[in-house]
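**Student:** Got a sequence here, can you model it:
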Amino acid sequence: MSQADKPATMTARQEKWFASILESMERETGRTLDEWVAIARTCPETRPGARKAWFKTQHGIGTNRASVILGTAFPEAAVWAQPDNLRDALWADAGSRAILEAIEAAVAALPGLVSARRKGFTAFSKDVQFAAIRPTRGGGARLGLAVDPAADPRLEAPKNEGWSERLKSVLVLASPAEVDAGVARLVKQAYERS
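**Tutor:** As a prediction, this is how the structure comes out:
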């Protein structure tokens, strides 16, 4: 798949939000992004979460702004700066990765698809998130969908999944062969609601 054929990694809504964070930085904090980047490089912490906590404690900067500042100051540590490396780390198990690839094939033709890597899952959005998939131990995966669990007997209610609250059901997948026409129908149904 060429770079031009890959789905976007942010929805238009996310791009607008990100631009608004940058646009309002100086007005709302009194410092430019470059000034905050210089401050970030003085942070004694090395872990991303500890750096964000330091920003909040020392400078009153919230998580979203801290993420933007730290992503600029330390691009090598920014999750969104290395989507392929994040994919490889998250989907290291061959069985789980084969399921991910089957789901990616099922969503590939959906217009306006946005696919983004998160620390623990891969999200799929149009205007808003409609599906997410995360690997499980033993080579499986859990597919979250923005459809009611009653839509299919294979679906169950989510349990502390860590993805969007819009995803109302989960499908446990043990192999890529389980990503059948019925799963493709459920994914399309979730997509149409986003």
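
**Student:** contacting residues around stretch 103-110?
**Tutor:** Contact partners of stretch 103-110, identified using Cβ atoms under 8 Å, 6 or more residues apart in numbering, comprise 113, 115, 124, 126, 131, 133, 141, 143, 179, 183-184, 187-188, 191. Quick note: C-beta positions are derived from backbone N, CA and C, even for glycine.

**Student:** if we take the residues you listed, which one ends up nearest to residue 17?
**Tutor:** The shortest gap between residue 17 and any of these belongs to residue 126, at 16.0 Å (Cβ to Cβ).

**Student:** follow-up on the earlier one: which entries within the contacts of stretch 103-110 meet the buried criterion?
**Tutor:** Buried members of the contacts of stretch 103-110, scored by 16 or more other Cβ atoms under 10 Å, are 113, 115, 124, 126, 131, 133, 141, 143, 179, 183-184, 187, 191.

**Student:** Out of the contacts of stretch 103-110, give me the two with the largest separation.
**Tutor:** Across the contacts of stretch 103-110, the longest distance by Cβ to Cβ is 21.0 Å; it joins 126 and 141.

**Student:** one step back: looking at the buried ones among the contacts of stretch 103-110, which are in strands?
**Tutor:** 115, 124, 131, 133, 141, 143 (DSSP state E).

**Student:** so which of the contacts of stretch 103-110 comes closest to residue 92?
**Tutor:** Nearest to residue 92 among those, with distances taken as Cβ to Cβ, is residue 141, at 12.8 Å.

**Student:** okay but the closest one is in contact with residue 173, surely?
**Tutor:** Yes - at 4.8 Å, residue 141 counts as touching residue 173 under the criterion of Cβ atoms under 8 Å.

**Student:** got any residues that touch both of the two?
**Tutor:** Common contacts of residue 141 and residue 173 (Cβ under 8 Å, 6+ apart): residue 99.

**Student:** what's around the closest residue to residue 139 other than its chain neighbours, how many residues?
**Tutor:** Spatial nearest neighbour of residue 139, excluding adjacent residues (Cβ to Cβ, 6 or more residues apart in numbering): residue 95 at 2.5 Å. Using other Cβ atoms under 10 Å, residue 95 is surrounded by 18 other residues.

**Student:** quick one: contacts for residue 95?
**Tutor:** Shown in contact with residue 95 (Cβ under 8 Å, 6+ apart): 138-140, 175.

**Student:** a strand runs through it, doesn't it?
**Tutor:** No - applying DSSP: H, G, I helix; E, B strand; the rest coil, one finds residue 95 to be helix, outside a strand.

**Student:** Show the contacting residues for residue 193.
**Tutor:** Here residue 193 is in contact with 130, 146-147 (criterion: Cβ under 8 Å, 6+ apart).

**Student:** go on, residue 69?
**Tutor:** 33, 36-37, 39-40, 55, 61.

**Student:** what's the domain layout of this protein?
**Tutor:** Annotated domains of the chain cover 6-81, 84-192 [automatic domain parsing].
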